[in-house]
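Colleague: Sharing a model prediction with you, sequence too.
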Amino acid sequence: MRIIFLLLISLVSQVSYADKLLILGDSLSAAYGMQQQQGWPALLQQNTDWQLINASISGETTSGGLARLPALLAEHQPDVVLIALGGNDGLRGFSVELIQANLNKIITLVRQHNAEPLLMQIRIPPNYGPRYVRQFTALYPQLAEKHDISLWPFFMDSIAINSDLMMADGIHPNVAAQLIISEFMADLLNELQIKE
């Protein structure tokens, strides 16, 4: 019995000390239009030692994410925060300056809570005009360089060009795309080295 008890304590300790990744995203990460367990974060959780906290909400903007972040950080105490926001801001034509300011504040807030921020490149459709799209796309590498943080490639880059992996709205990945995204994200997560 003592051996079993010690084994249980050991397992609990391993789970308790697993690195935590908080995903701060929008509908692309929130299993939009499907069951939560079908979404890529749930699939990824099955194949990683990381403890994933998916705080993504459909329709979320950088302003909304910024407003929710303090409570999320206090509750979950993550080691790493993946910031995958801005798409809805872009689709609504919000100013690049506002998006950049909000992302700046999010990154700073994450660091103040002793967590490592990761920024995901976000893209919007080309029909918003070349100047706006160019400025929007460029703000992500600019922020990554400014804060000296990793910029992860957009997981939709190879999905959005394949109609078989997209919902009828042409914006959201379908169920078939979720496993592909989870494998893509698993590769990135496996390469992640937390800065001391």
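Modeller: Noted; the coordinates are in hand. Numbering: from 1, shown residues only.
Colleague: Could you tell me whether Pro117 really is in a strand?
Modeller: Yes: if the criterion is DSSP: H, G, I helix; E, B strand; the rest coil, then Pro117 is within a strand.
Colleague: Next one: Pro78 from Glu60, what distance?
Modeller: 17 Å (CB to CB, to the nearest Å). All C-beta spots, glycine's among them, are computed from the backbone N, C-alpha and C.
Colleague: ranges for the strands of this protein?
Modeller: 20-25, 51-54, 80-84, 116-120, 151-152 (DSSP state E).
Colleague: which strands and helices sit next to the last one?
Modeller: Think strand 151-152. Strand 151-152 sits against strand 116-120, helix 130-147, with contacts defined as 3 or more CB pairs under 8 Å, 6 or more residues apart in numbering; DSSP states H and E.
Colleague: ok, and which of those has the densest surroundings?
Modeller: Neighbour counts (mean count of other CB atoms under 10 Å) averaged over each of the helices and strands packed on strand 151-152 peak at strand 116-120, with a mean of 23.
Colleague: Tell me the helices and strands packed up against that one.
Modeller: Against strand 116-120 (3+ CB pairs under 8 Å, 6+ apart) you get strand 80-84, helix 96-112, helix 130-147, strand 151-152.
Colleague: ok, back up a step: looking at the helices and strands packed on strand 151-152, which is closest to Gln178?
Modeller: Smallest distance to Gln178 across the helices and strands packed on strand 151-152 (CB to CB): 16.4 Å, for strand 116-120.
Colleague: Kindly calculate the angle that the closest one makes with helix 96-112.
Modeller: 150 degrees (axes from the mean of the first three to the mean of the last three CA atoms, to 10 degrees).
Colleague: contacts for strand 116-120?
Modeller: Contacts to strand 116-120, defined as CB atoms under 8 Å, 6 or more residues apart in numbering, come from residues 25, 79-84, 103, 106-107, 110-111, 140, 143-144, 147, 149-155, 192, 194-195.
Colleague: quick one: that strand to chain centroid distance?
Modeller: Between the centre of strand 116-120 and the centre of its chain there are 8 Å (CA atoms, centre = their mean, to the nearest Å).
Colleague: and that strand, which strands flank it?
Modeller: strand 80-84 (parallel), strand 151-152 (parallel) (DSSP bridges).
Colleague: I'd say Ser182 and Asn47 touch.
Modeller: Yes: Ser182 is within contact range of Asn47, at 7.1 Å (criterion: CB atoms under 8 Å).
Colleague: Comparing those two, which residue is more hemmed in?
Modeller: The residue with more neighbours, out of Ser182 and Asn47, is Ser182; 21 against 13, by other CB atoms under 10 Å.
Colleague: For Thr62, see how far away that one is.
Modeller: 24 Å.
Colleague: No further queries at this time; thank you.
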